[in-house]
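Novice: using only what follows, build the 3D model:
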Amino acid sequence: MAGRKSAVSLFKDYIVVISPPTTESKGIRSSLPNILIRGPDATEQSKVSVLDIHNKFIIHSGSVTGGVKEVFSSWGNLYLVTTDGEVTSMQLKSNKQINELTEKDMPTKLDILYSRNLHQLAIQFAESANLPNEQINGIVAQYADYLFSRGEYDSAIHQYLRAIDTINPSEVIRKFLDVQRIANLVQILEELHAQKLANADHTTLLLNCYARLKNVDQLEKFIKMESGEFDVDTAIQVCRQGRYYEQAAFLAQKYAEHDTYISILVENLKQYSRALKYIKQLPPSEVLPVGTERG
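Specialist: So this is what the prediction gives:
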């Protein structure tokens, strides 16, 4: 910050910089709207800037009447003792006054940042204030919604994945379905399965996405996961419907769905000898039900 300085003080995690009084107040343009409340301006003013040390930006830029004689803090607020100005808050003597700068509460700060679409700064504020993860994720989700509204889908999905525990998956999935962003849809569906938050509908949609993208490698990787966090019957059904018969047969055999496995070999793959060989290696207790209704 260029220019003359008449005082530099510390207040909480902030640096307070006072510039000498001038007859006009050009001020310093703040990087965000003031989050400290200030008194009225006058003709001859001292510039007051408050810098956030941790987040490295100016959180307040304003002015007070006359020169600043002293800066001190008490009761969680910042006070400036000035001369030659109107009495705005609390008069000490006829030629002196106190200006009180009161820090706004966190919800108000965040609302100001939201109104300016400064979501990244809001996240930074929340993290530096050690807010609960649920609240931080809520801010991240709002940022994701903002990015999505601007058509920045890849950036939006990154933020949605950060807040996966907080978002409503159905709403986010619908968003990407509506704009036909299948690749982004796959990302969130895969994460839901990885976090064990997926249901049968999510499995169906993910496998259908793989089929639509003709991504056989990813489909096989998914169904061959060591920990199959998906509905097996649904996965088999979707694979059969998509004509991925070998993948369906793999699942049926892996999860000992004998009837289904034989059905796929005979009805879909027409591999009768393979089906017969499989039946022969089954224990007698498992052979009889194959091909018949189970009561």
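Novice: longest helix in this protein, please.
Specialist: helix 133-149 (DSSP state H).
Novice: give the buried residues for that helix.
Specialist: 136-148 (16 or more other CB atoms under 10 Å). Any C-beta I mention is one placed from the backbone N, CA and C, and that applies to glycine too.
Novice: just the closest of those residues to residue 160, please.
Specialist: residue 144 (4.6 Å; CB to CB).
Novice: contacts only, for the closest one.
Specialist: Residue 144 makes contact with 156, 157, 159, 160, 162, 163, 167, 172 under the criterion CB atoms under 8 Å, 6 or more residues apart in numbering.
Novice: how many neighbouring residues does the fourth one have?
Specialist: For residue 160, the number of neighbouring residues by other CB atoms under 10 Å comes to 27.
Novice: follow-up on the earlier one: gap between the longest helix of the chain and the chain center?
Specialist: Put simply, helix 133-149 sits 4 Å off its chain's centre (CA atoms, centre = their mean, to the nearest Å).
Novice: state the mean pLDDT of that helix.
Specialist: The average of the pLDDT scores along helix 133-149 is 95.
Novice: can you name the next helix or strand after it?
Specialist: helix 153-162 (DSSP states H and E).
Novice: got the angle for that following helix vs helix 133-149?
Specialist: If you take axes from the mean of the first three to the mean of the last three CA atoms, to 10 degrees, helix 153-162 sits at 160 degrees to helix 133-149.
Novice: quick one on the thing from earlier: will you turn the buried residues of helix 133-149 into CSV that also has distance to residue 275?
Specialist: Formatted as CSV, these follow (distance: CB to CB, whole Å):
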residue, distance to residue 275
136, 55
137, 50
138, 54
139, 56
140, 51
141, 50
142, 55
143, 54
144, 49
145, 51
146, 55
147, 51
148, 49
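Novice: pick out whichever of the residues you listed sits closest to residue 245.
Specialist: Using CB to CB, the buried residues of helix 133-149 come closest to residue 245 at residue 148, 37.3 Å.
Novice: contact partners for that closest one?
Specialist: 156, 175.
Novice: quick revisit: can you pick the most crowded of the contacts of residue 144?
Specialist: Result: residue 160 is most packed of the contacts of residue 144 (other CB under 10 Å), 27 neighbours.
Novice: distance of residue 16 relative to residue 256?
Specialist: Distance, residue 16 to residue 256, by CB to CB, to the nearest Å: 71 Å.
Novice: more crowded one of these two?
Specialist: With neighbours defined as other CB under 10 Å, residue 16 and residue 256 compare such that residue 16 has more, 22 against 10.
Novice: name the SS class of that one, please.
Specialist: Put simply, residue 16 is strand when judged by DSSP: H, G, I helix; E, B strand; the rest coil.
Novice: pretty sure it contacts residue 48?
Specialist: Yes - Residue 16 is in contact with residue 48 according to CB atoms under 8 Å; the separation is 7.1 Å.
Novice: intersection of neighbour lists for these two?
Specialist: Joint contacts of residue 16 and residue 48 (CB under 8 Å, 6+ apart) do not exist.
Novice: can you count the residues close to the residue nearest to residue 143 when sequence neighbours are not counted?
Specialist: Distance criterion CB to CB, 6 or more residues apart in numbering; nearest residue to residue 143, sequence neighbours excluded, is residue 119 at 3.6 Å. By other CB under 10 Å, the residues close to residue 119 number 21.
Novice: for residue 119, what are its contacts?
Specialist: 113, 139, 142, 143, 146.
Novice: make it 7 Å
Specialist: 139, 142, 143, 146 (CB atoms under 7 Å, 6 or more residues apart in numbering).
Novice: go through these and say which is closest to residue 216.
Specialist: residue 143 (35.0 Å).
Novice: I figured that closest one hits residue 159, correct?
Specialist: Yes - under the criterion of CB atoms under 7 Å, residue 143 makes contact with residue 159 at 5.2 Å.
Novice: let me know the average pLDDT across the host helix or strand of residue 124.
Specialist: Using DSSP H and E, residue 124 falls within helix 119-128. Mean pLDDT, helix 119-128: 88.
Novice: quick one: the helices in the stretch 151-295 of the chain?
Specialist: Listed in chain order, the helices of the stretch 151-295 of the chain (DSSP state H, counting those that start in this stretch) span 153-162, 169-178, 182-194, 200-212, 216-223, 232-241, 245-254, 258-263, 272-280, 284-287.
Novice: so for residue 129, which of the ones you listed sits nearest?
Specialist: helix 153-162 (17.9 Å).
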